[in-house]
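Peer 1: Just the structure for this:
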Amino acid sequence: MTYQELISNIVQLQEEGLELFNAGKSVLGKNLLATHVGSYDGPQILLQAGIHAREYITTPLLVEMARNLHNNNLVEGGGIYFVFITNPDGAEIVLDGIDSVNCQITKDYLINANGGGTDFSQYKANINLVDLNTNFDANWGQGAQNVFCPSTEDFVGFYPNSEREVQSLINFTLQTKPVITISYHTKGNVIFYGFEGQSEQDLNRDLNIGEALSETTGYPLIFTENSTGGYKDWCIDTLKIPAYTIEVGDENLPHPLGLETLPEIYQRNKNVPLVALEKAKEFYNSIDFTTPVVQNISKEVSNGTLRTSTLSRLESLLERRSARRRSNNKKQ
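Peer 2: Model (predicted):
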């Protein structure tokens with residue numbers, strides 16, 4: 001698979017009636033492609049994938065999920081956001097090789113961090129050599145495997161929320177206000193839940209939801225330990241909402257997982273969005289989505305004037321659609 005084929009697989013959803021939009025931008029300006037299935041009214045959940053470069057198999061997994069839910073009209077009483085690829089710059093390096101990087105200075109920087117080698121098939125980071133799933137402001141830098149120098153994996157960044165992709169996902173989450181988030185990674189066939197410092201009530205809530213996800217996938221549910229700075233961790237710690245990391249693919253398989261693994265992974269995970277949405281309905285009234293002041297979030301500024309961001313335009317679009325659909329329902 002090439003990077004273009006990966007993106008074309010997402011874009012093809014438009015031919016099936018799904019609308020694509022951007023959840024933000026990467027460091028190199030690539031779009032973080034996303035879509036929405038179901039109603040904008042009622043509880044929303046958010047699934048994101050591809051935050052680690054070599055774990056690009058999770059992107060076509062979400063594409064198949066969105067296609068199935070949309071084409072079979074399976075989503076009722078709420079909606080599901082899909083952020084298909086959170087680290088497109090890194091995925092391109094893994095899929096197309098280091099020569100896909102146009103800037104020689106950047107290329108030399110990456111090769112040096114890779115021990116002088118040009119094989120980037122195991123690469124996890126973004127173009128800045130930051131492991132995006134350690135860069136969120138949730139006990140940042142306190143994970144057991146964290147490193148503090150630019151690296152092909154596990155580098156937390158020079159400060160929390162430093163990376164454009166992380167800022168984009170944070171902003172998108174704050175705008176869409178999901179009740180539950182699910183992050184797809186590889187590998188291990190396991191679901192991680194919870195974060196240190198949670199109240200007993202919230203932990204029991206998250207355990208309840210996690211057990212339903214475990215039942216539908218057959219993956220064991222494990223409490224998170226010695227891992228911090230991830231998107232899941234930030235959602236739990238900052239927004240106080242249930243969030244999960246699902247690691248797909250057998251632990252004995254080598255990175256990166258090939259497309260031949262996708263059918264089995266999809267069969268085990270295809271019902272995850274619907275199960276999560278049903279749980280979101282159950283807990284909707286008891287989850288208080290907080291909107292915190294988030295540090296280190298950049299703003300788009302041009303000639304000293306703040307531009308209307310993509311997310312602001314998305315929020316306006318969502319509001320208009322909801323109003324239009326409510327109006328149509330009344331007419332019927």
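Peer 1: okay, CA-based contacts and neighbour counts for the rest of this
Peer 2: OK.
Peer 1: buried residues in the helix or strand containing Phe283?
Peer 2: Phe283 is located in helix 272-283, with elements delineated by DSSP states H and E. Buried residues in helix 272-283, counted by 16 or more other CA atoms under 10 Å: Val272, Pro273, Leu274, Ala276, Leu277, Glu278, Lys279, Ala280, Lys281, Phe283.
Peer 1: do the same with stretch 191-203
Peer 2: Quick answer for stretch 191-203 (16+ other CA under 10 Å): Ile191, Phe192, Tyr193, Gly194, Phe195, Glu196, Asp202, Leu203.
Peer 1: Doesn't His36 lie inside a helix?
Peer 2: No - read with DSSP: H, G, I helix; E, B strand; the rest coil, His36 is strand and lies in no helix.
Peer 1: List the contacts of it.
Peer 2: Residues near His36 by CA atoms under 8 Å, 6 or more residues apart in numbering: Leu18, Glu19, Leu20, Gly79, Ile80, Tyr81, Phe82.
Peer 1: The first one: neighbour count?
Peer 2: Around Leu18 sit 17 other residues, with neighbours defined as other CA atoms under 10 Å.
Peer 1: Check the spacing between it and Phe82 real quick.
Peer 2: Counting by CA to CA, to the nearest Å, the gap from Leu18 to Phe82 is 11 Å.
Peer 1: closest to Pro292 among the contacts of His36?
Peer 2: Closest approach between the contacts of His36 and Pro292, by CA to CA: Tyr81, at 21.0 Å.
Peer 1: Am I right that the closest one sits in a strand?
Peer 2: Yes - checked against three-state DSSP, Tyr81 lies within a strand.
Peer 1: if I look at Lys30, how far off is Asp250?
Peer 2: For Lys30 relative to Asp250 (CA to CA), the value is 30 Å.
Peer 1: Can you say which of the contacts of His36 are buried?
Peer 2: The neighbour count (16+ other CA under 10 Å) marks Leu18, Leu20, Gly79, Ile80, Tyr81, Phe82 as buried among the contacts of His36.
Peer 1: need the contact list for Ala212.
Peer 2: Here Ala212 is in contact with Val275 (CA under 8 Å, 6+ apart).
Peer 1: The strand or helix carrying it vs helix 272-283, what angle?
Peer 2: Using DSSP H and E, Ala212 falls within helix 200-217. Angle between the axes of helix 200-217 and helix 272-283 is 150 degrees (criterion: axes from the mean of the first three to the mean of the last three CA atoms, to 10 degrees).
Peer 1: Alpha carbons of helix 200-217, as CSV, please.
Peer 2: Output in CSV follows, covering the C-alpha atoms of helix 200-217 (Å, rounded to 0.1, in the frame of the first residue of the first chain):
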residue,chain,number,x,y,z
GLU,A,200,-14.4,5.6,42.1
GLN,A,201,-17.7,6.5,40.5
ASP,A,202,-16.1,7.4,37.1
LEU,A,203,-13.9,4.3,37.2
ASN,A,204,-16.9,2.1,37.8
ARG,A,205,-18.7,3.9,34.9
ASP,A,206,-15.7,3.3,32.6
LEU,A,207,-15.4,-0.3,33.7
ASN,A,208,-19.1,-0.9,32.8
ILE,A,209,-18.6,0.5,29.3
GLY,A,210,-15.3,-1.2,28.8
GLU,A,211,-16.8,-4.6,29.7
ALA,A,212,-19.3,-4.1,26.9
LEU,A,213,-16.5,-3.3,24.4
SER,A,214,-14.6,-6.3,25.7
GLU,A,215,-17.6,-8.6,25.2
THR,A,216,-18.2,-7.5,21.5
THR,A,217,-14.5,-7.8,20.5
